Every structure is written in structure tokens, then in C-alpha cells.
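predicted model and sequence follow; I will ask about them next.
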Amino acid sequence: MNPSIRLPGIAPLFVALTLAILGVLIVFPLGVVFQQAFSKGFAAYLEPLTQPDALHAIRLTLIVAAISVPLNAVFGVAAAWAVARFEFKGKSLLVTFIDLPFSMSPVVSGLVWVLLFGAQGWFGPWLQEHNVKIIFATSGLVLATVLVTLPFVARELIPLMQDQGADEEAAALTLGAGGFTTFWRVTLPNIKWALLYGVLLCNARAMGEFGAVSVVSGSVRGLTTTLPLHVEVLYNDYEFVGAFAAASILASLGLVTLVIKTFLEWRHSGELSAGRRH
Amino acid sequence: MTAAALAPLAGKPRSRWKQPSILPGFPLAMGWTLTYLGLVVVLPLIALVVRPWELGLSVTWSTLTEPRVLAALRLSFGSAFLAALTNVPIGLLVAWTLTRYEFPGRRLIDAFVDLPFALPTAVAGIALTAIYGPNGPLGELFAKIGIKTAYSPVGIYIALLFIGLPFVVRTIQPVLQDLDREVEEAAHTLGATNLQRFWLVVLPAVLPALLSGFSLAFARAVGEYGSVIFIAGNMPMKSEIAPLLIVIKLEQYDYAGAASVGLAMLAISFGGLLAMNGVQLFLARRGRV
Amino acid sequence: MNFRQADDTSASVNALEIKGISKAYGRFPALKNVSLQAKDKEFLALLGPSGSGKTTLLRVLAGLEQPDAGEVRFAGEDFLALPVRRRKVGMVFQHYALFRHMTVAQNIAFGLTVRKRSEKPAKSEIADRVAHLLQLVQLEGLDKRFPSQLSGGQRQRVALARALAIEPKMLLLDEPFGALDAQVRRELRRWLRELHDRAGVTTVFVTHDQEEALDLADRVAILKDGELIQLGTPNQVYEHPATPFVFDFLGQACRMPGVVEKGRLLIADWESEAPAGAADGAVDVFFRPDEVAFAPADGAGLSALVRGVTQRGPDVRIDCVIEGQTVELQAHGPTLPPGVTTGLSVRIKPLRPQVYATA
């Protein structure tokens, strides 16, 4: 139906205001990243990206994401199966805990690992004795990233699987399918787009996370700097073109995520949990 | 609830806490969920809660009463509150435009709303600083009317505005979309003006969504780090946010101090969340199905 | 219980006049040149299948849709020139559209409280009006409830009270019983008719249920594909459906080919008097499956072979083959018409056939 509140002249005004707000507040910063990155020409843009430190940061970012995202994807599926397919006491408490990392400051998400594994942490002395390094090392980066991105896949799957109900799985079981076959042939096809959507958001956050990893990384240049941390290092060294060049890679990652996300929402909206977008 | 305490229960699906089901896989799924959650979320949180106690509550108390810490907490919560509050009308306007009007490029604009979600915070931080810094295009503009944007609480407010907006828009949008047009039409036939229809019919219907959008944006803004530290200037007592103080204390190996600030932030956020849930519940009692 | 007064009282004046209303959504025509009138205090039903344009017409009357062409006058006043909120029509929506965050009393009072200060009744007056309406719709004591705490039938009555509160010039009801179960529906139907007669407001209501329309309305307007097919009292439209569509829509129908010649109607091997005014030529003969008389095989009528007899509650279903065509007939009462048994040949006489020239 037509919008029922129609005032002559107010629609264009609202559209113009919305465009202005989103343009200035959101689109402008994105443009600035690329404008600054290319401000000294293409060669000056490429140069800092081919430095060993930068390449190492990119590699480290990929490694951290490659470990954290699958872990949280598997967790998301397991948690969704438990929460959406069974009734048990304490379910809402469990869901609260799954959601908790969303409401924690990224810095706190890093801090808790330092409290556990840092030099003066609970397990710090023991780790030192055995010469295991977690804080200021890759494993610390992974832990911090895992905590920050833990809810993404689960949050996407739980409402969807609750909506879908267990009828199809029950039908498969009555038809003689085993548990694993049922999951593989019935459940997974039903949730694949939502799973992909969750993984996509999880990955974007994992690669772009800054606060949590900066706490556990110690920012040892060329060793424990992920790409976002590398941006900070360069920026603080007044290497602005380099900082924005590195930032432009991350911004492109964000844009690609946005495009795929929009495509999924447009093409498979029925198979995503509607209205649950992060 | 630690994983260790609950994991054995997961092995006995027929115990009273779970209703029987024909579906398989509960022990495995539940066991994995609890173990993982226990290791990744619960154990670290226990460390956060217990650490300040371990090192003596007096340390916690003296940390939290340091003027610098108080100023940082006040700044973090104050600017987060203001930014989330500002985002409510802005988010409502944007959500309204995107759901009610058809115009070229609407889909694209709609997709761009999520940009602050997708853009890594450090990237947003340096970009906002470039725009609102003393030499930035908007920074110069604001300087002309005597407002210092970057390296001041105003800069923090702008960064928090940026990261909070999608939360508000995305919570209101589905509610506006699903709002029963018949209800607005009913008000119309009963003689209500446009303003009355918005004020008496639409606004009460989206109020719960506005509140949860506000609290989501607020919760995110309180803990925000990456997009803020570049633009904030980080002057103690003036533009130093609480998360940064945690980092500083960690760098000084003051674990107890860092944990105290972290715990205080968590506690205040949690209290706010509880209060918000209370309000939501009150609104829900008043007639939502 | 029957208060049908529209035909004999002051009501010869046309209160509502709809002239040549057309409305299209994109390329889909929802209303095509519809004209009809309703008398003052009349209870008019807009009846049609879904997609017939009946709800669109109602929304045009309410002002929620602007027609592309045509005219609507109420008591001589140009209705289309009036904005929605000045029309003072009481509209009851299909799903009631109650304000869920307001109590029953606040819902009913809404139309009064939104008035301009100069026109707004005093608080005590509003309270009195609400109390009176609550009594009228038999919901005393529920004034502090929220809509979510009411049953479907109660919500419906709140919606009605809310519409009546503004003292509407006209009451518009969109499928008022659509969302209720059968028993509540029947109860509310009688009650609504009484309420209409007491309130004395011109009422237009939309329904797809022919039984509801025939039972409730003073006159029925039948629409199909955006066009007005027939307008008349329930008796007129039921006894003399203007088209095969109307015949079919108003009840069950049996259909046979036939020929009219010089006042005689020929169906298969049976000849009878043609209905008055039937023109010569090939026709489709329509009759109701329960308006037939059975005769022995050697009597007069259409020869039919009884294929099966099924008891269905108080009625009996009789499956026959006439001229190679399967026809389902109906007889009332627990006992079969004499001589009707499976496997036997009988003769069937449609009592009130309607004929329509073959298209």
C-alpha cells in the first residue's frame, strides 16, 4: 500500500536530510581513506604496502582470521543446534553468555587474556617456566579475536533455526536417516546462507579487530602487528600515506563484505534471520 | 556456571533439566558449546571479576577514586550517552526515510548504513581524524565557528555517533516496516492530524525499538576504542576514555588497576542494561501482544 | 428481530451517491466505472470474491484511496474534496487496527481527544461518551484492559465503539467478521444489525460471505473484477440473479444447456414454460440443487439416473447423471424423496430455473 502519512514536500526533505546525514557521517570518511592513500600518487601508495612489515601484518591478519573464524563457525553451529533444537533449563542464561562479548569493550576482551596469561596473570609464571608465550604472540591475538567474534555465527543461526523448527529433521529421522545424515542433508542446506552470512560478518570483524588485539599484541613491529595495528604504528610514526594505504586494504575488505552481505540479504532474505543484522 | 560444572550434566540428556527429544546430538552440541563458552568467555570473565579481589579491594577502591579514572569513566559514559541519544532521532529519520519513501538509490543508501559495522574501527578512527582534525575539511569549518572537533570530547562524540548509528537504524527499521498501516489509517479516519498520528500512534509503537537501539548504540559506544583514540587527543582528565586508561594501566603492569577499571565498566554497562530491560518489560506489559 | 425499515421510512433520500468511480493500481484496474447509491440509514453490503474491488471501494469512501475518476457525494456534499480526517466516517478495519498501547477506554476516546481544542469535548463528557459506548457494545468493566487482553469478538466491538465515538456520518466496515470463528460471527451479526438500527447510521460493509450479506443487508451490491454486477435487496438478487456469476456466487448451482423458443424452455427431453421475459435462443439453465422436484421415471421432467445417495447431516446428497452429465442434487430432511434409490431412473423438475443467453 501507499505510505499513509504523506505531506506534500516532506518526503523530499526527509530524503535530502537522510542523504546529507549518511553522506557526511558515513560515506565521507570512507572516501577520505582512499583519497589520503592516493594523495601522493600510485607509486607512493604501493610502496608502503610492499614493505616486509606490511606483508607480515597482512599474513598475520589472514592467519588469525583463518584460525578464529572456523572455530567460531563450528561453535555457532553447535550452539544453535543445542539452543534451537532442544528445551532445557538455563537456556536464556546460556544465550546471554553467548551474546556477552557483543556488550564487552574490545579492550576488556583483550584485558581478560592478559589477566590470565600475562606476566603477572594467573597462568603467567607457569607459562614462563615452560617457555610458552601467549601474550605478545600469535596465540594471544587468536584468543582475543575469538572472544570478540564469538557471537556472530551463533547469533545468525539461533533465531533462524528456531523459526524453522525441527519438523524437517524429525521427518528425516522417521524416514530412517541417521543423525549425521540428517544434519548434513537436511539441516545444513537449510541454514547454509545464514551460516555464510554469519561467517562473513565474523571474518570482517576478525580481520578488522583493533582494540582487543592491541592489548595482547604489544605491537612488536613486524612480529605481532596485524594489519589494523600496523595502521596505528604507521600513523603514530607520521607515515600517513602508508597508514591510509594499509587502511585502504581494510576498507576494501569492509566494502566487499558489505557487497556480499547486501547480495545475500537481497537474494536469500528468506533464508536469513530477518531483522537480525549486526 | 563454569564449563566444568555443567559439562558432566550434558552427558546425561535424560536428566530433569532437559526435555526429552527424538533429535540426536544434544550431548555433543551442548558439551562443545559449554566447553568452548567456558574457556573463551566464562574463564576470562572470572579472571576479570576475581583479579581485583585477589590483589586487595583497597587497590580497586583507590584506583576507581583516582580523579583521572573518574574523569575517564565520566567521559566514556557521558559521551556514549550523548551520542546514543543523538542517534535516536537521526536513526529514526533515516529508518523512516528508508522504509517509507521510494527514491532512486534507496537500496544503495540502505546498504551504506551498515558501513560502520563493516569498516574496521582503526580505519574509521584515522579517517575521522583526517576529516575533523585541525587541517581537515570539516575540522577547519568547525574551527571557524569556534568549535574544536578533533583532540577534544567533541571528536569523541563524533566518532561514537558514527559507530552507533547503524544500531539504531537497524533496530527501528524492521519495526517501522511491520507497523500495521491499518492502525495509522484508523487514526486518520478518526480525525487525527499527521503530527498526532506520528506522536500518538507511530511513536509509541516504535518506542521499544528506539530504546533497544539506544541501549545497543550506548553499550557499543561505552567500550569503543579504535575509532576514538585517534581523534580523542587522549589528554588525561580531558579527552582520555576509560578503555584507553585500561591500556595505559596494562602498559604500566598495573593489572589490578586495569582489571578494576574494566570491571567498573562492565558493572555500569550491566546495570544500564538491566534498567533498560526493566523499561522494556514495563512497555511490553502495556499492551504489546 | 428484523428491523428492516429502510424501505418504508424517510429513507427515500439518497444519502450516499457514488458516480463513475474508477481506480487502477499501475495497470491493474481495481474499480471500473462503479456507480451506486445508498439511502439514508441504509445497511448496504458490498459483496464479491477477493480482487473484486470491494475493499478498494470502501477505502475510497473512507478517503484512504483517491479514485482516478468519478464522484462521491454524501448528503449532497463533495466527499472527495474532504480530507480523510474531516469526513467523519467511522471505519472498522478487518483486523480492527486497535492501538495496542492504549486501553480500551483510550482507544474509544481517541477520535475525541485528537480534536482541536475548540472542538474537543470536556474530559467528563468524553468519559460519559466512552461509558455509554462501552454499554452499547456490551463491554462494561473492560475499559482498563489493553487490546491484547481481549478476545477477537471483544476487539471487534471495541473497534466498532471507537468508530461510533466520533458520531460518524457513515459507518464503514471492512470484512467485520472475517477474523472470527463461525459461532461468534453469527452472534455478532444479529447484534450488529440491531446496533445499526438503533444508531441509525448509514452503513456500508464489505464481505465475501454471501450468507452474511443476504442475512444482514438492506441491499447488496455485487462486484466482480472491479465492476458492479448487480444491486438490489437480498431477495431480488437471490431470486433473480442478473448473471450466471451472481447465481453461482450466491449459492450452489446446477447448470444445463437449453433452448428457449416462443415462451417454452427445452432442456434435453423435457419441455416446460420458460421464465418470464426470457428471449428466444440457446441458453444456459441454472437452478439450485435443492430446488427440484422428483417424479417417477414415467412422469414429467428431466430423465436422470441416480448414481448414489449420501446422508450429510440434515440433508441428503443425490448424485445423478442427466444427459451424460453428473449433477449433484440436494434434498432436505432425513427422509429421501419417494422413489429415489441408487441405480433407479427418475425424473427431475427444476422448480425455479434461471436462463441466461449462452455467451
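Thanks, I have it. Numbers count the residues shown, from 1 in each chain, chains lettered A, B, ... in the order given.

let's check: the centremost residue of the chain is which one?
In the absence of a named chain, this looks at chain A. Centroid-nearest residue in chain A: residue A:205, 2.4 Å away (criterion: CA atoms, centre = their mean).

that's the wrong chain, I meant chain C
Nearest to chain C centroid, counting by CA atoms, centre = their mean: residue C:213, 2.5 Å.

that residue against residue C:48, yeah?
No. Residue C:213 is beyond contact range of residue C:48, at 9.5 Å (criterion: CB atoms under 8 Å). All C-beta spots, glycine's among them, are computed from the backbone N, C-alpha and C.

got the residues of chain C near chain B?
Residues of chain C lying close to chain B (CB under 8 Å from any CB of the partner chain) are C:62-64, C:84-91, C:93-95, C:97-103, C:110-111, C:114-115, C:146-149, C:159, C:162-163, C:165-166.

contacts only, for the residue lying closest to residue C:144 once chain neighbours are set aside.
Nearest in space to residue C:144, with sequence neighbours left out and distances taken as CB to CB, 6 or more residues apart in numbering or on different chains, is residue C:103 at 5.3 Å. Going by CB atoms under 8 Å, 6 or more residues apart in numbering or on different chains, residue C:103 touches B:287, C:143-146.

go with 7 Å
C:143-146 (CB atoms under 7 Å, 6 or more residues apart in numbering or on different chains).

buried ones among those?
Buried by 16 or more other CB atoms under 10 Å in any protein chain shown: C:143, C:145-146, out of the contacts of residue C:103.

in the chain, what spans have low per-residue confidence?
Went with chain A since none was named. Applying pLDDT under 70 to chain A flags residues A:1-9, A:219-222, A:273-278.

I was thinking of chain C, sorry if that wasn't clear
In chain C, residues with pLDDT under 70: C:1-13, C:334-335.

how does it look with 50?
The model of chain C has pLDDT under 50 over residues C:1-12.

coming back round to it: tabulate the CA atom coordinates of the helix or strand the residue nearest to the centre of chain A falls within in PDB.
Take DSSP states H and E as the rule and residue A:205 turns out to sit in helix A:188-208. C-alpha atoms of helix A:188-208 as PDB (Å, rounded to 0.1, in the frame of the first residue of the first chain):
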ATOM      1  CA  LEU A 188      22.900 -27.700   6.700                       C
ATOM      2  CA  PRO A 189      21.200 -26.900   3.400                       C
ATOM      3  CA  ASN A 190      18.500 -25.000   5.300                       C
ATOM      4  CA  ILE A 191      21.000 -22.800   7.200                       C
ATOM      5  CA  LYS A 192      23.800 -22.500   4.600                       C
ATOM      6  CA  TRP A 193      23.100 -18.900   3.600                       C
ATOM      7  CA  ALA A 194      22.700 -17.800   7.200                       C
ATOM      8  CA  LEU A 195      25.900 -19.600   8.100                       C
ATOM      9  CA  LEU A 196      27.700 -17.900   5.200                       C
ATOM     10  CA  TYR A 197      26.300 -14.600   6.400                       C
ATOM     11  CA  GLY A 198      27.500 -15.200   9.900                       C
ATOM     12  CA  VAL A 199      30.900 -16.300   8.800                       C
ATOM     13  CA  LEU A 200      31.200 -13.200   6.600                       C
ATOM     14  CA  LEU A 201      30.500 -10.800   9.400                       C
ATOM     15  CA  CYS A 202      32.700 -12.800  11.800                       C
ATOM     16  CA  ASN A 203      35.500 -12.700   9.300                       C
ATOM     17  CA  ALA A 204      35.200  -8.900   8.700                       C
ATOM     18  CA  ARG A 205      35.300  -8.300  12.400                       C
ATOM     19  CA  ALA A 206      38.200 -10.800  12.900                       C
ATOM     20  CA  MET A 207      40.300  -9.100  10.300                       C
ATOM     21  CA  GLY A 208      39.500  -5.600  11.300                       C
END
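
mind giving me the packing neighbours of that helix?
helix A:52-85, helix A:138-149, helix A:151-164, helix A:240-267 (3 or more CB pairs under 7 Å, 6 or more residues apart in numbering or on different chains; DSSP states H and E).

in that helix, what's buried?
For helix A:188-208, using 16+ other CB under 10 Å, the buried residues are A:191, A:193-208.

residues touching the closest residue to residue C:263 other than its chain neighbours, list them.
Leaving aside its sequence neighbours, residue C:263 sits nearest to residue C:274 (CB to CB, 6+ apart; 5.3 Å). Residues near residue C:274 by CB under 7 Å, 6+ apart: C:260, C:263-265, C:355.

who touches residue C:288 in this structure?
Applying CB under 7 Å, 6+ apart, the residues near residue C:288 are C:251-253.

could you pull out the buried residues of stretch C:56-67?
C:56-65, C:67.

the residue in the stretch 251-359 of chain C that chain B sits nearest to: neighbour count?
Residue nearest to chain B within the stretch 251-359 of chain C (CB to the nearest CB): residue C:251, separated by 31.6 Å. Counted with other CB atoms under 10 Å in any protein chain shown, the neighbours of residue C:251 add up to 15.
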